[in-house]
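Trainee: Fold the following and give me the result.
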Amino acid sequence: MRKLYGAVVACVFSMFVAVSAYATPWIDVSSIDVDTAPVATLGLTIITALAAMWVLRKLIKTTNKS
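Mentor: Sure, this is the predicted structure:
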């Protein structure tokens, strides 16, 4: 029974491999252009804010020690 299951799986897998060689996409996505500038700007803003919070925290800790 186990050998039969293995043979069936191998047959189905080989069928999928053979069919996928002739597959064509439904839509062409190669011409889609996504503007990533707003994402980069948002990321830079978040990193800058985190750096500012880190500096403020360090300044507060330094002034509390003295």
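
Trainee: so what pLDDT did residue 66 get?
Mentor: Turning to residue 66, the model gives it a pLDDT of 61.

Trainee: for stretch 29-40, how far is the first residue from the last?
Mentor: Across stretch 29-40, the terminal residues are separated by 23 Å (Cα to Cα, to the nearest Å).

Trainee: what's that stretch in contact with?
Mentor: Stretch 29-40 has contacts (Cβ atoms under 8 Å, 6 or more residues apart in numbering) with no other residue. All C-beta spots, glycine's among them, are computed from the backbone N, C-alpha and C.

Trainee: residues of that stretch that come out buried?
Mentor: For stretch 29-40, a neighbour-count test (16 or more other Cβ atoms under 10 Å) marks nothing as buried.

Trainee: roughly how far is it from the heart of the chain?
Mentor: Remark: stretch 29-40 is offset 15 Å from the chain centroid, using Cα atoms, centre = their mean, to the nearest Å.

Trainee: And for stretch 8-24?
Mentor: 28 Å.

Trainee: Equivalent analysis for stretch 2-18, please.
Mentor: 32 Å.

Trainee: Output that stretch as CSV, nothing but the C-alphas.
Mentor: C-alpha atoms of stretch 2-18 as CSV (Å, rounded to 0.1, in the frame of the first residue of the first chain):
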residue,chain,number,x,y,z
ARG,A,2,2.8,2.4,0.9
LYS,A,3,4.6,1.7,-2.4
LEU,A,4,1.4,2.4,-4.3
TYR,A,5,1.0,5.7,-2.5
GLY,A,6,4.6,6.7,-3.3
ALA,A,7,4.0,5.8,-7.0
VAL,A,8,0.8,7.8,-7.2
VAL,A,9,2.5,10.8,-5.5
ALA,A,10,5.5,10.6,-7.9
CYS,A,11,3.1,10.4,-10.9
VAL,A,12,1.1,13.4,-9.8
PHE,A,13,4.2,15.4,-9.1
SER,A,14,5.7,14.6,-12.5
MET,A,15,2.4,15.6,-14.1
PHE,A,16,2.5,19.0,-12.3
VAL,A,17,6.1,19.5,-13.4
ALA,A,18,5.2,18.7,-17.0
